[in-house]
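**Student:** Sequence plus predicted model, see below.
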Amino acid sequence: MIRKIAITGPESTGKSMLAEQLAGHYDTTWVPEYAREYLELLGAPYQEKDILLIARGQLSAEASKLGHASNFLFCDTELLVTKIWSDVKYGRCDPWITEMIDAHPYDLFLLCDIDLPWQFDPLREHPDQRQFLFDLYFNELKNRKLPFAVVHGTGPGRLKNAVEIIENFPF
């Protein structure tokens with residue numbers, strides 16, 4: 001049985017790096033963040049409708065990688081990311097995204113803490129709202145009663161912390 005682990009949290013918290021590192025550590029595959037690929041190819045400012053397309057693309061990418069995974073599938077972002085992004089940017093979220101959050105479970109969410117320094121990227125929008133965004137993720141996971149743990153640390157310590165969480169999690 002493949003355990004799906006979602007790497008989630010605000011921008012610039014090391015989600016992509018952690019997903020790739022965990023996949024290497026556990027000799028499995030990972031699902032890159034579809035939003036990055038989509039936005040880089042878009043070539044224009046995104047609109048609200050793009051967030052729904054990104055959510056659908058993320059689930060499609062995940063489904064295509066599932067058959068290549070062994071023991072774990074690490075997902076760099078998931079639909080909570082698109083929900084919170086849409087809520088913050090537009091004050092609302094497409095109901096399909098909210099429905100799919102409930103219909104598309106993960107065995108564990110690793111919420112990346114904001115203890116890494118902010119790194120500029122033209123696709124990132126909220127360097128001054130890190131704590132606010134982290135709190136949104138934390139509260140969303142808690143209120144939905146989803147299985148999660150916060151990943152702390154920098155450098156190799158962050159990967160070590162994530163591995164310890166996974167190894168001690170009662171799957």
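**Tutor:** Thanks, I have the structure now.
**Student:** helices or strands up against the helix-or-strand element of the chain with minimal mean pLDDT?
**Tutor:** Ranking every helix and strand in the chain by mean pLDDT, DSSP states H and E puts helix 34-42 at the bottom, with a mean of 93. For helix 34-42, the packing partners by 3 or more C-beta pairs under 8 Å, 6 or more residues apart in numbering; DSSP states H and E come out as helix 48-66, helix 79-90. Yep, even glycine has a C-beta here, placed from its N, CA and C like the rest.
**Student:** For H126, give me the pLDDT.
**Tutor:** Per-residue pLDDT puts H126 at 75.
**Student:** Which residue would you name as the spatial centre of this structure?
**Tutor:** Per C-alpha atoms, centre = their mean, the C-alpha nearest to the average position across the chain is that of T77, at 2.0 Å.
**Student:** Apart from its chain neighbours, what residue comes closest to that residue?
**Tutor:** In this structure, T77 finds its nearest non-sequential neighbour in E33, 4.7 Å apart by C-beta to C-beta, 6 or more residues apart in numbering.
**Student:** Against G67, how distant is the one you found?
**Tutor:** 20 Å (C-beta to C-beta, to the nearest Å).
**Student:** Same check on T13?
**Tutor:** 29 Å.
**Student:** before we move on, what about L42?
**Tutor:** 28 Å.
**Student:** Looking at these two now, which is surrounded by more residues?
**Tutor:** Taking neighbours as other C-beta atoms under 10 Å, L42 and G67 compare with L42 leading, 13 against 9.
**Student:** what pLDDT does the nearest residue to H68 once chain neighbours are set aside get?
**Tutor:** Computed as C-beta to C-beta, 6+ apart, the closest residue to H68 that is not its neighbour in sequence is T29, at 4.7 Å. T29 is assigned 97 on the pLDDT scale.
**Student:** just the helices in this protein please.
**Tutor:** 15-25, 34-42, 48-66, 79-90, 95-103, 130-143, 156-168 (DSSP state H).
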